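Participant: Next input, structure requested:
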Amino acid sequence: MTFEVRALTAQDQKQAWDLGSLAFGYHDQPMREGWVSDSPGRFTLAAFDESGRMVAKAVDRTQEQWFAGRLVPTCGVAGVVTAPELRGRGLGRLVLTRLLEHARQRGAVISTLFDTTPLPYRALGWEEVGSLDYHAFPTRVLAAVRPDPAITLRPAVEADVPAIHEVYRRVARTGTGMLERSGPLFAGTPADFLGDYNGVTVAVGASGAVEGYASWDRGAGYDAGGKITVDDLIGLTPGATATLVAMLGGWASVAPTTVIRLGAADPVRSLLARVDGKVESSQPWMLRVVDAPGAVAARGWSRHVGGQVDLDLADAECPWHAGAHRLVLDGGQARLEPGGAGTVRLTPRGLAAWYAGAATPDQLRRSGHLTGGTPDTDAFLQSATAGPTPTLHDYF
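Facilitator: Modelled structure (predicted):
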């Protein structure tokens with residue numbers, strides 16, 4: 001049987017809804033009026049059998065992610081589905097490799113996704129580099145944190161939303177992997193943002209500037225099952241962070257549990273004992289390099305690291321960047337030039353983990369994703385991408 005892979009037309013939208021709703025468990029819901037898979041910032045590629053039936057699909061989200069102070073153009077993969085009767089026959093591979101080609105042509109240099117299982121994506125060169133984690137704490141523990149008397153808390157209003165976004169961006173800019181919350185995928189109004197939560201609280205400093213915020217939802221009930229769920233708790237100052245944590249502690253009598261989305265080195269952790277918390281949920285995310293020279297040029301690099309190393313990139317799915325290259329770092333800039341001796345060989349998964357700073361060369365060597373080189377080349381590669389633990393706080 002042969003399959004046609006193409007973009008969707010208006011006539012394909014119902015098939016896209018039906019295939020996705022069956023796979024992801026919302027098949028009991030009717031297709032929403034006006035729903036389309038290809039809304040702004042989203043491009044869907046699908047495979048059709050000879051009868052015209054959609055049998056597989058995947059979505060490319062046009063997004064950007066922060067790496068060491070610079071935005072990297074990204075293909076966010078979502079909605080990957082294969083018809084139940086045809087799973088295991090290579091249709092997912094067919095659609096995803098075509099999607100990578102499309103993403104590269106539009107300018108994406110890396111791809112990220114949240115995996116329900118890593119196996120099919122690892123076979124195509126993605127690697128797990130981080131996880132989106134929610135941690136549950138007894139609310140009484142938060143109540144023990146002392147607020148800063150110089151910080152004032154109040155409910156956010158629409159005029160605060162640009163400042164809230166800038167607080168997030170200032171933190172995301174210094175990290176590895178955080179999503180840029182602008183562009184067509186984040187085109188809502190300030191009222192839309194505030195309406196997504198039961199509460200958005202801003203922390204205002206003595207100067208009147210917003211120094212932090214918390215976005216939260218109050219769960220149902222006021223007994224032992226009462227819960228507060230916090231998507232963002234970001235303070236630019238110690239006082240803002242502590243005061244927002246203390247505010248959440250005030251719910252202890254009616255919401256005994258507070259669940260907070262936290263990165264690996266979040267400052268909130270410094271106020272709470274790790275033994276008091278537990279992981280409520282953990283969703284791994286994966287990265288793949290789509291255009292190696294473009295990805296190297298796009299991300300930020302330490303201006304304190306300089307030098308070069310010859311790489312050999314193995315990549316059957318993205319052959320346009322396979323082969324020998326020379327990585328050159330100089331003054332906070334980097335380039336990947338064709339040529340060189342191919343001293344250090346990286347698999348696609350090894351390249352992804354190294355690029356994200358999710359694994360050291362020694363770890364990659366022991367897992368079979370890096371071969372060749374010397375202790376000196378290992379030390380150089382490790383220093384090049386050393387930095388914050390990869391963190392992503394937006395599920396897609």
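
Participant: which other residues reach the strand or helix carrying residue 351?
Facilitator: Taking DSSP states H and E as the criterion, residue 351 maps to helix 348-356. Residues outside helix 348-356 that contact it (Cβ atoms under 8 Å, 6 or more residues apart in numbering) are 67, 110, 122, 124-127, 129-130, 176-177, 286-289, 292, 295-296, 299, 313-315, 317-318, 346, 358-359, 361, 363-364, 367, 369-370, 381, 385, 390. Bear in mind the C-beta positions are built from the backbone N, C-alpha and C, glycine included.

Participant: So which of those residues sit within helices?
Facilitator: Taking DSSP state H as the definition of helices, those contribute 122, 292, 295, 296, 361, 363, 364, 381.

Participant: Just the buried residues of the lowest-mean-pLDDT helix or strand in the chain, please?
Facilitator: Of all helical and strand segments in the chain, the minimum by mean pLDDT, DSSP states H and E falls on helix 13-24, at a mean of 94. By 16 or more other Cβ atoms under 10 Å, the buried positions in helix 13-24 come out as 13, 15, 16, 17, 19, 20, 21, 23.

Participant: per-residue confidence averaged over the helix or strand just after it?
Facilitator: Downstream of helix 13-24, the first helix or strand assigned by DSSP H and E is strand 42-48. What strand 42-48 shows for mean pLDDT is 98.

Participant: now the end-to-end length of stretch 134-154.
Facilitator: Separation of the first and last residues of stretch 134-154 by Cα to Cα, to the nearest Å is 25 Å.

Participant: how distant is it from the center of its chain?
Facilitator: Distance of stretch 134-154 from its chain centroid, counting by Cα atoms, centre = their mean, to the nearest Å, is 27 Å.

Participant: list the buried ones in it?
Facilitator: Buried, per 16+ other Cβ under 10 Å, within stretch 134-154: 134-137, 139, 141-143, 145, 147-148, 151, 153.

Participant: In contact with the residue of the chain positioned farthest from its centre, which residues?
Facilitator: For the chain, the largest distance from the centre (Cα atoms, centre = their mean) belongs to residue 51, which lies 37.0 Å off. With contacts taken as Cβ under 8 Å, 6+ apart, residue 51 has no neighbouring residues.

Participant: how close does it sit to residue 126?
Facilitator: 31 Å (Cβ to Cβ, to the nearest Å).

Participant: now residue 2
Facilitator: 27 Å.

Participant: neighbour count winner among these two?
Facilitator: Using other Cβ atoms under 10 Å, the more surrounded residue of residue 2 and residue 126 is residue 126, with 25 against 5.

Participant: Local confidence estimate at the more buried one?
Facilitator: Listed pLDDT for residue 126 reads 98.

Participant: can you check residue 191 too?
Facilitator: Residue 191 is given a pLDDT of 98.

Participant: That one belongs to a helix?
Facilitator: Yes: assessed by DSSP: H, G, I helix; E, B strand; the rest coil, residue 191 belongs to a helix.

Participant: Could you report the distance from it to residue 161?
Facilitator: Residue 191 is 9 Å from residue 161, by Cβ to Cβ.

Participant: The two: who's more crowded?
Facilitator: A count of neighbours by other Cβ under 10 Å puts residue 161 above the other of residue 191 and residue 161, at 21 against 11.

Participant: before we move on, the earlier item: with only the CA atoms kept, save the helix holding residue 351 in CSV.
Facilitator: Extracted C-alpha coordinates of helix 348-356, given in CSV (Å, rounded to 0.1, in the frame of the first residue of the first chain):
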residue,chain,number,x,y,z
PRO,A,348,21.6,12.4,16.7
ARG,A,349,20.6,11.7,20.3
GLY,A,350,24.1,12.5,21.6
LEU,A,351,24.1,15.8,19.7
ALA,A,352,20.7,16.7,21.2
ALA,A,353,21.7,15.9,24.8
TRP,A,354,25.0,17.8,24.4
TYR,A,355,23.4,20.8,22.8
ALA,A,356,20.9,21.1,25.6
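
Participant: Output the contacting helices and strands for the lengthiest helix in the chain.
Facilitator: Using DSSP H, we find that the single longest helix of the chain is helix 91-106. On a contact count with 3 or more Cβ pairs under 8 Å, 6 or more residues apart in numbering; DSSP states H and E, helix 91-106 meets strand 4-7, strand 42-48, strand 54-67, strand 70-82.

Participant: In which helix or strand does residue 166 reside?
Facilitator: Residue 166 belongs to helix 161-173, assigned by DSSP H and E.

Participant: How about residue 326?
Facilitator: Assigned by DSSP H and E, residue 326 falls within strand 323-330.

Participant: Keeping just the C-alphas, turn that strand into CSV.
Facilitator: The C-alpha coordinates for strand 323-330 follow below in CSV (Å, rounded to 0.1, in the frame of the first residue of the first chain):
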residue,chain,number,x,y,z
GLY,A,323,29.3,14.4,8.2
ALA,A,324,32.5,16.1,9.3
HIS,A,325,32.3,19.6,10.9
ARG,A,326,34.5,21.9,12.9
LEU,A,327,32.9,23.5,16.0
VAL,A,328,34.5,26.9,16.7
LEU,A,329,33.7,29.0,19.8
ASP,A,330,35.0,32.5,20.1
